[in-house]
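Visitor: Coordinates only, no sequence provided:
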Ligand code: NAD
């Protein structure tokens, strides 16, 4: 079913605070300037300066937020490298939240990789060597009884929090285990939730679940400021997670609990244990899976072969690879296949080669569903690392090839040409990020398949022109999905986040592209994230309503979604 397409939001520059939009504070003077949620810098009016005790603390000129954004962007642009830019934006975030979000919202495509993704990895590496303003909540497995006290210290009431994003930092993208510095991952992600999805930053909390670290270099570093012991596992780990979920849901019954950068085993176990009971979402698994499903829906529309008839090879059966398999599998079940028959549409290849049930001791529990019968591949060619990708592609003749392994250049010319000799429109998704680590370069994929491949990539690639057609390469970017998914769940006050809501988000993203045009992108442009988020949120809220999970009534769902979006606009600050 096609989703309703919501036109672009009115540009934020035209939005003004409604009359009477003001807030009061008992703070005065430097305390106001030092509060990132109150601080407007040179945008404080003459009246506010007088009333809040700011006279003499600011230069006399009064700026608009547009002046400030221009100035901030000028400073940002002058910085020499991504890490300096990340540090600049972090400092702005700590100084003036509204200005930070205004700047970020207006330059989403450019700044997402700086605020989150890979640059945040660089920032994390330096985390315990640099003094920063603390942000978020630090919960320690060694002080399990302090969880409630830590949440209570926020001073928030039961209806005040919409989203809590927690990490145990075991598998930070591109870095692996990064201990307490992993808090930067949820901080960066929440910033995208706000900038792209209008999630109110005052109603969202990043949480570090510190269970220790197995990274020797951190344990040996005298400057390390997290729990200085190996990761605690098993029953104490589960008890810690249980205590966190219980306290968070008791105190904030409407909040979504999002899980970020857990190792796939823990991530999946937690998702399965709590889903249906509380509102819970794992972006590494469900988000990556759903945005890839969105690209797959577009590709299937372009090639005309339904998902249930695709033969899908996934290279890299980790958090992303299996999360993608799960979303595609569920979509195939919705097309009418049984769960067992749907699982037979997949061939997953990992470090030990093709996953099959003859290697049961080596399979992770989250991979078992996709293990092929050993008999099927008994005669297939094996190398030192089992049945490799080239052999699998040769035997399976896939129509869809998905790379989520971190191995650069794994989709070789021979493999792609073998696939293209059987598939009229080979669907090839190379998720690995950054672009230098991609399984293949889109220009090569287009050349090797004579322009027939339907491509999407994890990183950003420039359009490719081949035989007079310009191919726009869709970016499989989760930020297209999770802000709208959360917004829709928040607006509908959904009891849980169901698979139907996640699937509705994927369909909504795909509905925004027209695939008939030769070379058209399979996904919307990252520049359009704010309007994508509105479309996704409406679809998600409608799905929640259809399933009886919504706890509010809808009068005008589009307007309700728009009204719920926090806008980076200053309010008038009055003393109390
Ligand atoms: P992960 O570590 O959980 O999974 C990677 C998997 O690849 C593991 O199971 C690993 O064993 C396997 N692998 C490694 N080397 C291999 C080899 N030589 N042959 C076969 N398999 C091999 O990591 P993840 O979180 O699943 O991320 C995987 C990749 O997907 C990363 O490159 C990441 O950048 C990308 N990713 C992209 C997006 C996106 O674009 N939206 C989202 C998530 C992940």
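Guide: Right, received. Where do you want to start? Given the structure is predicted, the values throughout are model-derived calculations rather than measurements.
Visitor: Show me which residues of the stretch 401-550 of the chain sit near the ligand.
Guide: 404, 405, 406, 407, 431, 432, 433, 437, 458, 476, 477, 478 (C-beta under 6 Å from any ligand atom). Any C-beta I mention is one placed from the backbone N, CA and C, and that applies to glycine too.
Visitor: Is it correct that the fourth one is in contact with residue 439?
Guide: Spelled out, it's residue 407. Yes - when contacts are counted by C-beta atoms under 8 Å, residue 407 is listed as touching residue 439 (7.0 Å).
Visitor: Report the set of residues contacting both of those two.
Guide: 315, 432 (C-beta atoms under 8 Å, 6 or more residues apart in numbering).
Visitor: more neighbours, the two?
Guide: Each of residue 407 and residue 439 has its neighbours counted (other C-beta atoms under 10 Å); residue 439 has more, 29 against 16.
Visitor: show me the contacts for the residue of the stretch 301-450 of the chain found nearest the ligand.
Guide: When scored by C-beta to the nearest ligand atom, the stretch 301-450 of the chain has residue 318 as its residue closest to the ligand, at 1.9 Å. Listed by C-beta under 8 Å, 6+ apart, the contact set of residue 318 reads 264, 350, 404, 405.
Visitor: ok, and the most crowded of these?
Guide: residue 404 (27 neighbours).
Visitor: that older thread, which of the contacts of residue 318 fall in helices?
Guide: The helices, defined by DSSP state H, take in residue 264 from those.
Visitor: quick one: which of the contacts of residue 318 is nearest to residue 385?
Guide: residue 350 (9.2 Å; C-beta to C-beta).
Visitor: which residues sit in contact with that closest one?
Guide: Residue 350 is in contact with 316, 317, 318, 321, 367, 405, counting by C-beta under 8 Å, 6+ apart.
Visitor: Next, count neighbours for residue 24.
Guide: 9.
Visitor: That one: which element?
Guide: strand 22-25 (DSSP states H and E).
Visitor: neighbours around residue 235, how many?
Guide: Residue 235: 8 surrounding residues under other C-beta under 10 Å.
Visitor: List the contacts of residue 398.
Guide: Residue 398 neighbours (C-beta under 8 Å, 6+ apart): 310, 311, 312, 313, 347, 419, 423.
Visitor: at 10 Å what do you get?
Guide: Neighbouring residues of residue 398 by C-beta atoms under 10 Å, 6 or more residues apart in numbering: 310-314, 345-347, 392, 415, 418-419, 422-423, 426-428.
Visitor: And the pLDDT at it?
Guide: Looking at residue 398, its pLDDT reads 98.
Visitor: Quick check: closest non-adjacent residue to it.
Guide: residue 313 (4.2 Å; C-beta to C-beta, 6 or more residues apart in numbering).
Visitor: hmm, back to that, pick out the most distant pair among the contacts of residue 350.
Guide: Taking C-beta to C-beta, the two most distant members of the contacts of residue 350 are 367 and 405; they sit 13.3 Å apart.
Visitor: list the residues that contact both of those two?
Guide: Jointly contacting residue 367 and residue 405 under the rule C-beta under 10 Å, 6+ apart are 317, 318, 321, 350.
Visitor: By pLDDT, give me the weakest of the residues you listed.
Guide: residue 318 (91).
Visitor: Let me know the secondary structure of residue 398.
Guide: coil (DSSP: H, G, I helix; E, B strand; the rest coil).
Visitor: List the contacts of the residue lying closest to residue 332 once chain neighbours are set aside.
Guide: What sits nearest to residue 332 in space, not counting adjacent residues and going by C-beta to C-beta, 6+ apart, is residue 342, at 4.0 Å. With contact taken as C-beta under 10 Å, 6+ apart, residue 342 is in contact with 307-308, 325, 328-336, 369.
Visitor: quick one: secondary structure of residue 342?
Guide: At residue 342 the chain is in helix, as set by three-state DSSP.
Visitor: same deal with residue 166?
Guide: Three-state assignment for residue 166 (three-state DSSP): strand.
Visitor: Show the residue spans covered by the strands in the stretch 201-350 of the chain.
Guide: Assigned strands in the stretch 201-350 of the chain, in chain order: 204-210, 256-260, 280-282, 312-315, 346-350 (criterion: DSSP state E, counting those that start in this stretch).
Visitor: average model confidence for the shortest one?
Guide: The one in question is strand 280-282. Across strand 280-282, the average pLDDT comes to 95.
Visitor: Straight-line length of stretch 413-430, end to end?
Guide: End-to-end span of stretch 413-430 (C-alpha to C-alpha, to the nearest Å): 14 Å.
Visitor: of all the strands of the stretch 201-350 of the chain, which lies closest to residue 41?
Guide: Per C-beta to C-beta, nearest to residue 41 of those: strand 204-210, 23.0 Å.
Visitor: Tell me the helices and strands packed up against that closest one.
Guide: Of the remaining helices and strands, those touching strand 204-210 by 3 or more C-beta pairs under 10 Å, 6 or more residues apart in numbering; DSSP states H and E are strand 137-140, helix 147-152, strand 163-167, helix 184-197, helix 234-251, strand 256-260.
Visitor: Go through the ones you listed and name the closest to residue 98.
Guide: helix 184-197 (10.5 Å).
Visitor: Briefly note if the closest one comes near the ligand.
Guide: No - residues of helix 184-197 contacting the ligand under C-beta under 6 Å from any ligand atom: none, with a closest distance of 12.0 Å.
Visitor: Not counting sequence-adjacent ones, nearest residue to the residue nearest the centre of the chain?
Guide: In the chain, the residue lying closest to the centroid (C-alpha atoms, centre = their mean) is residue 478, at 4.4 Å. In space, and not counting its chain neighbours, residue 478 is closest to residue 287: 4.2 Å by C-beta to C-beta, 6+ apart.
Visitor: For that neighbour, give me its contacts.
Guide: Residue 287 touches 189, 258, 260, 281, 320, 323, 327, 477-482, 485, 502, 505-506, counting by C-beta under 10 Å, 6+ apart.
Visitor: and if you look at residue 151?
Guide: Contacts for residue 151 (C-beta under 10 Å, 6+ apart) come out as 137, 139, 161, 164, 205, 207, 244, 247, 248, 250, 251, 252.
Visitor: Which pLDDT value belongs to the residue of the stretch 351-500 of the chain found nearest the ligand?
Guide: In the stretch 351-500 of the chain, the residue that lies nearest the ligand is residue 458 (2.9 Å; C-beta to the nearest ligand atom). Per-residue confidence (pLDDT) for residue 458: 92.
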